[in-house]
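Q: Predicted model, plus sequence, below.
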Amino acid sequence: MERDNRSTGGDGGRRPWVVGVSGASGTPYAAAVVRALLHAGEAVDLVVSRAARLTILDETGAPFRDAHWRADLARWLGTDASGAPTPEPDLDSVRHWSPGDLAAGPSSGSYPARGMLVVPASTAAVAGIALGLSKDLLQRTASVTLKERRPLVVVVRETPLAGQTLRHLVTLDEAGAVVLPAAPAFYAGARGIQDLVDFVAGRTLDAVGVPHKLYRRWEGDIGGGRA
């Protein structure tokens with residue numbers, strides 16, 4: 001595939017999108033985002049929190065281990081939310097960082113990341129980012145993204161939302177982050193669970209300007225999604 005300068009930078013240096021996966025339910029959203037980024041020719045740096053590994057195992061049956069991350073990631077991305085197989089992902093442009101590695105590249109503002117997508121974002125992750133706790137690499141990278149004025153999208157997945165979490169989300173919005181609830185829409189003509197997942201993943205990529213064809217866009221045609 002011919003690549004442009006979006007993921008490499010004008011000087012040929014690698015410029016990835018950091019995808020942070022927290023422990024909230026909704027790991028198929030993260031898988032869809034990573035697959036779409038790779039399909040778009042973007043480089044990806046992946047940070048999977050310790051809690052997220054339990055959620056991935058619970059929701060998909062697949063483990064995620066630092067020592068075997070490449071094989072585990074291929075297995076995770078290789079099946080969609082309905083259990084159907086997906087095309088084998090090309091992982092050559094993926095870099096994995098352990099969540100406890102606070103000396104990792106994305107922990108520094110000098111690391112040439114394009115921005116960060118936290119998907120799904122738990123209320124604990126939302127609180128940690130809003131308060132600047134930096135208790136793990138996911139939170140630290142999000143704080144760095146904000147201070148460097150890079151795009152940060154927080155795909156919060158929780159219901160109902162308590163007042164404290166709502167205040168944290170307002171804090172993130174005021175700091176420049178995009179708060180994007182994992183709320184699928186139905187006007188795109190969803191036929192199955194993966195269509196609903198892809199809608200949220202597509203809106204996540206819309207927020208940072210990455211092209212995709214994950215869902216049917218609204219064009220003012222009432223009932224067009226049923227055609």
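A: Yep, that arrived.
Q: Show the average pLDDT along the helix or strand hosting residue 145.
A: Per DSSP states H and E: residue 145 is located in helix 137-147. What helix 137-147 shows for mean pLDDT is 98.
Q: ditto for stretch 32-42
A: 98.
Q: Show residues contacting it.
A: The contact list for stretch 32-42 (CB atoms under 8 Å, 6 or more residues apart in numbering) reads 1, 3-4, 6-7, 16-17, 19, 44, 46, 77, 80-81, 86, 89-91, 93-94, 114, 117, 119, 194, 197-198, 200-202, 204-205, 210-212, 214. For glycine as for every other residue, the C-beta is placed from the backbone atoms N, C-alpha and C.
Q: so what does the helix holding residue 145 touch, helix or strand wise?
A: Where contact means 3 or more CB pairs under 8 Å, 6 or more residues apart in numbering; DSSP states H and E, helix 137-147 is packed against strand 17-21, strand 44-48, strand 115-121, helix 123-131, strand 152-156.
Q: my guess is residue 182 contacts residue 29, does it?
A: Yes: judged on CB atoms under 8 Å, residue 182 makes contact with residue 29 at a distance of 5.8 Å.
Q: So these two - more neighbours on which side?
A: residue 29 (27 against 23; other CB atoms under 10 Å).
Q: quick revisit: as JSON lines, the helices and strands packed on helix 137-147 with distance to residue 70 and mean neighbour count would be great.
A: Formatted as JSON lines, those follow (distance: least, CB to CB, whole Å; neighbours: other CB atoms under 10 Å):
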{"stretch": "strand 17-21", "distance to residue 70": "15", "mean neighbour count": "29"}
{"stretch": "strand 44-48", "distance to residue 70": "10", "mean neighbour count": "24"}
{"stretch": "strand 115-121", "distance to residue 70": "20", "mean neighbour count": "28"}
{"stretch": "helix 123-131", "distance to residue 70": "24", "mean neighbour count": "22"}
{"stretch": "strand 152-156", "distance to residue 70": "24", "mean neighbour count": "26"}
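Q: All set, thanks.
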